[in-house]
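Colleague: Here you go, sequence then predicted model.
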Amino acid sequence: MKILSLDPRVTRENIDVETRDGELQPLEHFETYEVFEQRKRGTHHVHVGNVHAPSHELAMVFAKEQYTRRGQCVNLWVVRTSDVFVTEYMDSDIFETTASKKYREPDSYKVIDRINAFKAREAAKNA
Amino acid sequence: MYGNAYVENPAATNSLTANENPIKLAEFEARIAAGDKIEPNDWMPAEYKKQLIRMIEQHAHSEIIGALPEGTWITRAPGFRRKLALMAKVQDEVGHGQLLYSAAETLGKSREDMTNDLINGKSKYSNVFNYPAKTWADSAVIAWLIDAGAIVNQLANSKGSYGPYCRALDRICAEESFHLKYGHDNVVFLATGTPKQREMVQDALNRWWEPIMHFFGPPDKMSVHTEVLMRWKVKMGTNDDMRQTFLDMYVPKIWDLGLTLPDENLKKNDETGKWEYTEPNWEVFKQVINGNGPCNKERLAVRRTAEEKGRWVRNAILRKDAKYVTPLA
């Protein structure tokens, strides 16, 4: 066998290195699935990226290869990207909280002055 | 594995943003100046999007094509331990390509379009992978020094402004640290071995030094202006800065092993703290990047063949009602 290249693929497959056309069709590499991994029991699943796959089953195979190669994962979810509903960053003001909703914050509850005043009054009464 | 972006930017700086809404542009720049990340559906200048797609796509192609010269040595690795380690490294590189393609896709270019542009020679990738890996020592030098150069660049870029690219780079840098150790181990093993082994690694270094110097891109004085791209945190350091960082970290380690580099003028200037060197031949660089390097054709041919041979499998499992949606983040 004549050695055409140091790359054994070129020689064994007798690849034609002059041709340059190879048109992939849209979606030939499938749609995407979003991947969520849980690194430790008891923690939340966290979004880590996506994979291209034709089905949930293969998405899971690719996600395992792609995102968990260095261990540290106990559970994986894959979700078809088109099934995820998202908000727009330009609408992120909907998450702003208003001053009028202070009653939901723990630090808006301050009772120590009232307790001290009460104690002072009681002490004065009993004096 | 990737050097610095080959930015093609013929327009004058002010014309890059001439058609942008000045209020939105100011908000965008303020966000970046404040250290905030830009996310896929945010408003962004057309030039920002264009340069990012180009850069992330080149980076992705570099990972995939970069796996080819090293992959060549899987069948001939000296021993099972080295064969297993090389397979793991090559698999990592292909995985990095996937992460980067995903990041580029969030900007609206499909994976198929990127692959087509690679195969048809329209997109670039790192120039170093157009050279043959002639001996096992070449694969050691690639794994140590090319990966080291890539880490210098990737660590800088991971502090950039585009969220999906930064997240991909964080994952990539974590894995590359194994590559660096693996490559160093291989080079040290040869450099401290028999005279024949030393000769092999020295020969590989001599041949790879120019491509390594090319790796970071043309000198700043030859590059078209990149101030806007630096301000937008698309580029995080100039080509010369990256090259200096690399020389500073690795030349002493190479010399430490009693190996030499084929540049008599290479030395650190103690006064300026900068490395001085002979400029590599940038005409050769231009020739190779434009398709005339020793391996350009076969690299693309191998990549194209993989697509062709895999097509019947993909067609068999294609979901007919699949709809493409841009990945989220």
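Modeller: Cool, the structure landed.
Colleague: who are the neighbours in contact with B:Pro262?
Modeller: B:Pro262 makes contact with B:205-206, B:209-210 under the criterion C-beta atoms under 8 Å, 6 or more residues apart in numbering or on different chains. Every C-beta, even on glycine, is put in place using the N, C-alpha and C of the backbone.
Colleague: In these, find the pair that's most separated.
Modeller: Based on C-beta to C-beta, the longest span within the contacts of B:Pro262 runs between B:Leu205 and B:Glu210 and measures 10.8 Å.
Colleague: Of these two, which one has the most company?
Modeller: Set side by side, B:Leu205 and B:Glu210 show more neighbours around B:Leu205, with 24 against 18, by other C-beta atoms under 10 Å in any protein chain shown.
Colleague: Quick check: the more buried one vs B:Arg171, distance?
Modeller: Shown here: B:Leu205 relative to B:Arg171, a distance of 30 Å by C-beta to C-beta, to the nearest Å.
Colleague: Tell me how far B:Glu105 lies from chain A.
Modeller: According to C-beta to the nearest C-beta, to the nearest Å, B:Glu105 and chain A sit 8 Å apart.
Colleague: give me the number of residues near the closest residue to that residue other than its chain neighbours?
Modeller: Spatial nearest neighbour of B:Glu105, excluding adjacent residues (C-beta to C-beta, 6 or more residues apart in numbering or on different chains): B:Pro327 at 5.3 Å. When neighbours are counted by other C-beta under 10 Å, B:Pro327 registers 24.
Colleague: which SSE is B:Ala137 in?
Modeller: Taking DSSP states H and E as the criterion, the element that holds B:Ala137 is helix B:136-141.
Colleague: helices or strands next to that helix in the packing?
Modeller: Packing partners of helix B:136-141 (3 or more C-beta pairs under 8 Å, 6 or more residues apart in numbering or on different chains; DSSP states H and E): helix B:46-71, helix B:163-191, helix B:195-215.
Colleague: Using neighbour counts, pick out the buried residues of the shortest one.
Modeller: The neighbour-count criterion (16 or more other C-beta atoms under 10 Å in any protein chain shown) identifies B:198, B:200-202, B:204-205, B:207-215 as the buried residues of helix B:195-215.
Colleague: Please state the mean pLDDT value computed over the helix or strand following it.
Modeller: Past helix B:195-215, heading to the C-terminal end, the next element that is a helix or strand (DSSP H and E) is helix B:227-231. What helix B:227-231 shows for mean pLDDT is 88.
Colleague: Summarise which helices and strands helix B:227-231 is packed against.
Modeller: Using 3+ C-beta pairs under 8 Å, 6+ apart as the test, helix B:227-231 ends up in contact with no other helix or strand.
Colleague: How many neighbouring residues does A:His29 have?
Modeller: Neighbours of A:His29 under the rule other C-beta under 10 Å: 22.
Colleague: ugh, wrong one, B:Tyr48
Modeller: The local packing of B:Tyr48 (other C-beta under 10 Å) involves 25 other residues.
Colleague: Please apply the same query to B:Asp185.
Modeller: Other residues within reach of B:Asp185 by the criterion other C-beta under 10 Å amount to 15.
Colleague: Repeat that for A:Ser55.
Modeller: Other residues within reach of A:Ser55, judged by other C-beta under 10 Å, total 15.
Colleague: Please apply the same query to A:Ala127.
Modeller: Summarising burial for A:Ala127: neighbours were counted as other C-beta under 10 Å, giving 5.
Colleague: just to revisit the earlier point, please tell me I have it right and the residue nearest to B:Glu105 contacts A:Val51.
Modeller: No - when contacts are counted by C-beta atoms under 8 Å, B:Pro327 is not listed as touching A:Val51 (9.3 Å).
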